[in-house]
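Chemist: Provided below are the primary sequence and the corresponding predicted coordinates.
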Amino acid sequence: MLTPIRDSHESQCPGEGPGDGRPGEGPGGSVFGSGLPAPALRAVGLLTAWGSGTTALPVDAVTAAGGRPVLSLTRPAYDRERLRRVPRECLLGLAAVEAMLEDARAGREAISGDRTALVYASAGSYAASNRLFIDHGSAGAYFPYTAPAAVPAEAAIEFGITGPYAIFIGGPVATLRAIWYAATLLESARCDRVLVLAVETFDECVDLYTRGRRLTGHPLVEAAGCLWLEPGEGSLAIESSRRGGRPNRGGIRQRLGETFACEPVAALDLWRRDETRPTLCVSGAWGGETVRLWWTAPLAAANRRQPATPESGRRHGG
């Protein structure tokens, strides 16, 4: 469950139990990071099967899905020969970065070079290429694309990103850890900006997800998102605890559906559109672990977090 804090009194991640929501005060919580400067959120690119950005989300994903177990994203159209055999999940990663650049009203040159870090999070986007590689009844896939590194590698090649990089595997917990790691890179001045990229696809393995439907939320919604983070003010804290179960349905997940590692990207996209809330608490569960991230920005900075309008941005590359 990913829910923006509504006011100074509603300061805990909802559904997390007693306590006022400060780090370490939830049940069984263990703070493993606090006091880090919070990054500035310059831009967000978010593509889901519902459309572009959180403004496209329905009120209730289950109702809007109409019984469909998986909602898919179409393969982005790139006509260059280099990308002809690139799998869909990699192209979705490129499209998410393009959407982020459009939101920032910036060109590719703004993120190229060794001062941009790229951090990737996903639970299973690489499953599609693995399935194609071992399935003799399909057209197959090149072996290098079966690796989790394939998506960020294609993004780095396409946009000329040569700075630090890291990969986090898992659901929303992986993305929360990726954001924390991005903040450490910025705080140590190892880079000037960090792109946190997340991609989740399900269509190629829909039969496997259907067979294990009790293990995931529903509907499964394909998504790709990218955060542009820069040095900022405010504070960041992160807490991990071991507890059973998954967060209850509500908040952004009720509107978004199950998107695994893309949930925190959607939560941040929603948060920046609200000028009155300088603090966000994001929680995610995966593999028996629950992670909570507190992101506090000065109110003046929060009020400047305005996404570009459709008329003001334009698509770069393609």
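Modeler: Great, that's in hand. Numbers count the residues shown, from 1 in each chain.
Chemist: before we move on, which element is the residue nearest to L36 when sequence neighbours are not counted in?
Modeler: Excluding the flanking residues, the one nearest L36 by Cβ to Cβ, 6 or more residues apart in numbering is L236, at 4.5 Å. All C-beta atoms are positioned from the backbone trio N, CA, C, and that covers glycine. Element membership of L236 [criterion: DSSP states H and E] is strand 235-242.
Chemist: Check which strands are paired with that strand and give the direction for each one.
Modeler: Its sheet considered, strand 235-242 pairs with strand 30-36 (antiparallel), strand 289-296 (antiparallel) by DSSP bridges.
Chemist: Just the pLDDT at the residue nearest to E154 when sequence neighbours are not counted, thanks.
Modeler: Excluding its sequence neighbours, the residue lying closest to E154 (Cβ to Cβ, 6+ apart) is C90, at 4.2 Å. On pLDDT, C90 comes in at 93.
Chemist: Can I get the strands paired with strand 235-242 in CSV including distance to V206 and mean neighbour count?
Modeler: Output for the strands paired with strand 235-242, formatted as CSV (distance: least, Cβ to Cβ, whole Å; neighbours: other Cβ atoms under 10 Å):
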stretch, distance to V206, mean neighbour count
strand 30-36, 36, 14
strand 289-296, 27, 23
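Chemist: so which of the ones you listed gets nearest L73?
Modeler: Counting by Cβ to Cβ, L73 lies closest to strand 289-296 out of the strands paired with strand 235-242; the figure is 26.0 Å.
Chemist: in the stretch 201-318 of the chain, which segments are predicted with low confidence?
Modeler: When residues are selected by pLDDT under 70, those of the stretch 201-318 of the chain lie in 212-215, 243-250, 299-318.
Chemist: where along it do the strands fall?
Modeler: 220-221, 223-230, 235-242, 279-286, 289-296 (DSSP state E, counting those that start in this stretch).
Chemist: Count the neighbours of R84 for me.
Modeler: When neighbours are defined as other Cβ atoms under 10 Å, R84 has 8 of them.
Chemist: Report pLDDT for it.
Modeler: R84 is given a pLDDT of 79.
Chemist: And it, how close does it get to A56?
Modeler: 29 Å (Cβ to Cβ, to the nearest Å).
Chemist: Next: A43.
Modeler: 17 Å.
Chemist: Among the two, which residue is more densely surrounded?
Modeler: Neighbours were counted for A43 and for A56 using other Cβ under 10 Å; A43 has more, 25 against 13.
Chemist: My understanding was that L256 contacts D269; is that so?
Modeler: No. The criterion here is Cβ atoms under 8 Å, and L256 misses it with D269 at 10.2 Å.
Chemist: Same drill for the two, tell me which one is more crowded.
Modeler: L256 (26 against 23).
Chemist: Quick check: closest non-adjacent residue to the more buried one.
Modeler: A266 (5.3 Å).
Chemist: and if you look at A95?
Modeler: Of all residues not flanking A95 in the chain, P76 sits nearest, at 4.4 Å (Cβ to Cβ, 6+ apart).
Chemist: residues in contact with the one you found?
Modeler: Contact analysis of P76 by Cβ atoms under 8 Å, 6 or more residues apart in numbering lists R88, L91, L92, L94, A95.
Chemist: and after the host helix or strand of R42, which helix or strand comes next?
Modeler: Using DSSP H and E, R42 falls within strand 40-48. On the C-terminal side of strand 40-48, the closest following helix or strand by DSSP H and E is strand 51-52.
Chemist: Does anything pack onto the helix or strand just after that next one? Which helices or strands?
Modeler: Using DSSP H and E, the helix or strand that follows strand 51-52 in sequence is helix 61-65. In terms of contacts (3 or more Cβ pairs under 8 Å, 6 or more residues apart in numbering; DSSP states H and E), helix 61-65 is packed against helix 251-256.
Chemist: quick one: average pLDDT of stretch 93-113?
Modeler: 98.
Chemist: Show me what counts as buried in it.
Modeler: 93-104, 106, 110-112 (16 or more other Cβ atoms under 10 Å).
Chemist: Restricting to C-alpha, output that stretch in CSV.
Modeler: Provided in CSV are the C-alpha atoms of stretch 93-113 (Å, rounded to 0.1, in the frame of the first residue of the first chain):
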residue,chain,number,x,y,z
GLY,A,93,12.2,1.2,-20.2
LEU,A,94,13.4,3.5,-23.0
ALA,A,95,9.8,4.9,-23.3
ALA,A,96,9.7,5.6,-19.5
VAL,A,97,12.9,7.6,-19.7
GLU,A,98,11.5,9.5,-22.8
ALA,A,99,8.4,10.3,-20.8
MET,A,100,10.6,11.6,-17.9
LEU,A,101,12.5,13.8,-20.3
GLU,A,102,9.2,15.1,-21.6
ASP,A,103,8.0,15.9,-18.1
ALA,A,104,11.3,17.7,-17.4
ARG,A,105,11.1,19.6,-20.7
ALA,A,106,14.7,18.5,-21.3
GLY,A,107,16.7,16.9,-24.1
ARG,A,108,18.8,13.7,-24.0
GLU,A,109,22.0,15.7,-23.5
ALA,A,110,20.8,16.6,-20.0
ILE,A,111,21.2,13.1,-18.8
SER,A,112,24.1,11.8,-20.9
GLY,A,113,27.6,11.3,-19.5
